[in-house]
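S.K.: I would like the atomic coordinates for the input below:
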Amino acid sequence: MKTETEIQKEILDFYKGSTLVDAWRSPNEGKRVSGAGRVKSGIIGLADISGYVLDDGRALYTEVKKPGKFLSEDQWLFLTVANLNGALAFCARSIDDCLYYLNTYKDRMVDIPDYQSEYLEYQENYRKLK
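M.R.: Numbering: from 1, shown residues only. Prediction:
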């Protein structure tokens with residue numbers, strides 16, 4: 001099974017060869033060492049890949065997950081708010097997922113992805129770990 005990093009690289013390579021979008025790896029939230037010690041930086045929940053749709057400039061966010069892994073609450077919230085504010089934001093487990101969302105968007109039939117069922121499953125799995 002491919003790692004999320006391998007899937008992310010495949011999707012970035014796909015985006016780089018695409019005439020539909022321009023995209024790059026997002027600097028995810030992390031801990032940086034400064035004079036004051038470890039400091040959180042970045043945007044919490046920011047998708048792995050950011051970019052824009054070339055024909056209209058709409059923001060593009062792709063959160064990459066390998067099969068069987070789920071969005072965190074922060075990732076779900078980021079994608080939902082991004083979609084509600086006009087972005088094309090989704091979770092992808094493969095290039096096929098990206099093609100689906102890009103093609104439906106290109107045909108102007110895209111709806112806000114429904115992450116509710118995935119989020120509820122994430123919450124249930126998280127409760128089991130506690």
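S.K.: distance of the closest residue in space to K66 that isn't next to it in sequence from I11?
M.R.: The shortest distance from K66 to any residue that is not its chain neighbour, by CB to CB, 6 or more residues apart in numbering, is 4.9 Å, and that residue is E4. In this view, the C-beta of every residue, glycine as well, is placed from N, C-alpha and C. Separation of E4 from I11 (CB to CB, to the nearest Å) stands at 10 Å.
S.K.: Give the residues shared as contacts by the two.
M.R.: Shared between the contact lists of E4 and I11 (criterion: CB atoms under 8 Å, 6 or more residues apart in numbering) are residues V64.
S.K.: low-confidence ranges in this structure?
M.R.: Residues of the chain meeting the criterion pLDDT under 70: 29-41, 106-130.
S.K.: And the helices in it, which stretches?
M.R.: Read by DSSP state H, the chain holds these helices, from start to end of the chain: 4-16, 73-84, 95-106, 116-129.
S.K.: Among these, which comes closest to K65?
M.R.: Between K65 and the helices of the chain, the tightest spacing by CB to CB is seen for helix 4-16, at 6.4 Å.
S.K.: got the CA coordinates for the closest one in CSV?
M.R.: Once side chains and other backbone atoms are set aside, the C-alpha atoms of helix 4-16 remain, and they are given as CSV (Å, rounded to 0.1, in the frame of the first residue of the first chain):
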residue,chain,number,x,y,z
GLU,A,4,0.3,9.4,2.0
THR,A,5,3.6,11.0,0.9
GLU,A,6,3.7,8.8,-2.2
ILE,A,7,0.1,9.5,-3.1
GLN,A,8,0.7,13.2,-2.5
LYS,A,9,3.7,13.2,-4.9
GLU,A,10,1.6,11.4,-7.6
ILE,A,11,-1.2,14.0,-7.2
LEU,A,12,1.3,16.9,-7.4
ASP,A,13,2.9,15.4,-10.5
PHE,A,14,-0.6,15.0,-12.0
TYR,A,15,-1.4,18.7,-11.2
LYS,A,16,1.9,19.9,-12.6
